[in-house]
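Undergrad: Sharing a model that was predicted from the sequence below.
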Amino acid sequence: MMPKSAKILLTGLPGCGKTTAVMQIIANLDPKKVAGFYTQEIRQNNTRKGFSWARLDGVTGILAHIDIKGPFRVGKYGVDVASFEKSVVPILDIEQTDAELFILDEIGKMECLSEKFVAAVRRLFASDRSVLATVALRGAGLISEVKNFPGTKLFHLTRQGRDKTIAEISQILSFLKSTS
């Protein structure tokens, strides 16, 4: 019997701790049931130079950087769509994995430059698998689409309410707890 599936989105201002919250939530879950990725800032001398991605299995790469040239840009950052599609998008394929929960940190402008990513996210949201994703506060296309997807729970994260939000989401996903 398939467990019920949950579609959970976390949004909030930059720096409110969305990635940290996601990592705290999945720390208590069975790693064999979880697949996905998270993003982090690349900083040099307290200046943001870009963003990296890391899959939950430890593989990492660069998502965007001020030194990347090319057609895909968000603000001052060049986005490496090709490596993101090659390394990250395949782990979101429900045909290729029996993960029950997919972590997407984040569904944002940079990630949405990849049509393959957009298609993979749409398939995930239409599937019976659970999704825990962070999503940009504002944005059109897929960003607003997932927020309005039937049955999706949207949590607005604030620094003040972070612990309460983490507890609430952990409760919803408790069917994925590790049994060991």
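TA: That came through fine. Numbering: from 1, shown residues only.
Undergrad: And the pLDDT for residue 2?
TA: pLDDT for residue 2: 43.
Undergrad: Next: residue 23.
TA: pLDDT, read off for residue 23, is 95.
Undergrad: now swap in the one 4 residues further on and tell me
TA: We have a pLDDT of 93 for residue 27.
Undergrad: separation between residue 125 and residue 14?
TA: 24 Å (C-beta to C-beta, to the nearest Å). All C-beta spots, glycine's among them, are computed from the backbone N, C-alpha and C.
Undergrad: Same drill for the two, tell me which one is more crowded.
TA: residue 125 (22 against 8; other C-beta atoms under 10 Å).
Undergrad: tell me which strands and helices the longest strand anywhere in the chain is in contact with?
TA: Ranked by number of residues, the top strand in the chain under DSSP state E is strand 34-44. Under the contact definition 3 or more C-beta pairs under 8 Å, 6 or more residues apart in numbering; DSSP states H and E, strand 34-44 sits against helix 18-26, strand 47-55, strand 60-65, strand 101-107.
Undergrad: what's the closest of these to residue 167?
TA: For residue 167, the closest of those is helix 18-26, at 9.3 Å, according to C-beta to C-beta.
Undergrad: what would the helices and strands packed on strand 34-44 look like in JSON lines with distance to residue 77?
TA: Output for these, formatted as JSON lines (distance: least, C-beta to C-beta, whole Å):
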{"stretch": "helix 18-26", "distance to residue 77": "17"}
{"stretch": "strand 47-55", "distance to residue 77": "6"}
{"stretch": "strand 60-65", "distance to residue 77": "4"}
{"stretch": "strand 101-107", "distance to residue 77": "14"}
